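1. Fold the following, please.
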Amino acid sequence: MDEKIKFAASYSGGKDSALALYRAIQNGFEPVSLLTTYNKNDDRSWFHGVPTEVLYKVSELTGIPLKLVATGDDYGADFESALIELIDNGVNACVFGDIDIQEHYDWSDLRCKHVGIKSCFPLWNGNRSDLVYESIEKGFKAVIIVVDTARMSERFLGKTLTRELVDEIAGEGVDICGENGEYHTFVYDGPIFKSPVEFELNEIHRMGNYSSMPLTLK
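-> The predicted model follows:
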C-alpha cells in the first residue's frame, strides 16, 4: 500500500496556493501545516505582505496549523529547516502553487529533495485562465492587495476577483493569473474556510513600482 501523503502547504495567502491546497485535499492528501515565510523585519509574509495575525486567523478558519518561517537572506536554508521540523510532525510532502515557471518549480523541488520529502504541484502546467476561473467557480474569494504599477493599473487594488474582473485585467494586456508578479491576492473565503476572514483594507502604500493595500483584522 502506498504511503499516505501528509503534507505542508507552501502557503502565501494568495489564490494559487489556496487552490493547490484545495486540490491536494480533494486528492486525498492530509494537510498537516500551512508553511508561510515572512519578512522578520516587518512581520508580514514575503511577496504578498499579509500580516502574521491575519495568517493565524486563516489557520484558525481552515483548521490547519500554521508554521511561520522568519527569513531574510538565507531564504532557501530557512525553508528547508522548517520542512525538517515538520517531518517530525509526520509531513512527507510539500504542496506548492506554481503553475508553469520552471525556475520556481526547480527551486521548490530542490528544497524537498534536500530534506528527503516529496514535492507536489497540483496546478503544474494548468492553463492560467482556466485556473483563475476554477478558483472563482469553486467559491474562493481573493482580493487584490498588491499590484505592479509598471504593468497594471492601481485601480484594481482592493477588488475581489470575479470572472468579469479577470477578463478586464486580461483586456488591459495583463497576464490573467498574475503569475509573473503583476498582482498578488489574499484569499479570505472559500471551500477550505469554515467562515470568511473578517478584515479591513487600509490606505494605499506605494514603494517604487509597487502599490499595496495593507490588511488588518476587524
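2. Just confirm residue 122 is within a strand.
-> No - using DSSP: H, G, I helix; E, B strand; the rest coil, the assignment for residue 122 is coil, not a strand.
3. And it, its phi and psi?
-> Here is the backbone geometry of residue 122 (degrees, to the nearest 10): phi -60, psi -20.
4. number of nearby residues for it?
-> For residue 122, the number of neighbouring residues by other C-beta atoms under 10 Å comes to 21. All C-beta atoms are positioned from the backbone trio N, CA, C, and that covers glycine.
5. ok, it - contacts?
-> Counting by C-beta atoms under 8 Å, 6 or more residues apart in numbering, residue 122 touches 19, 20, 23, 24, 27, 95, 97.
6. what do you get for residue 150?
-> Applying C-beta under 8 Å, 6+ apart, one finds that residue 150 lies in contact with residue 209.
7. looking at this, it is in a helix?
-> No - counting by three-state DSSP, residue 150 is not part of a helix but coil.
8. right, and the helix or strand after the worst-scoring helix or strand of the chain on mean pLDDT?
-> Ranking every helix and strand in the chain by mean pLDDT, DSSP states H and E puts strand 44-45 at the bottom, with a mean of 62. The helix or strand immediately downstream of strand 44-45 is helix 52-62, counting by DSSP states H and E.
9. what's next to that next one, contact-wise?
-> 11, 13, 34, 36, 38, 43-45, 65-66, 68, 186-187, 192-197, 199, 215-217.
10. go with 7 Å
-> When contacts are defined by C-beta atoms under 7 Å, 6 or more residues apart in numbering, helix 52-62 is touched by residues 13, 34, 36, 38, 43, 45, 65-66, 68, 192-195, 197, 199, 215, 217.
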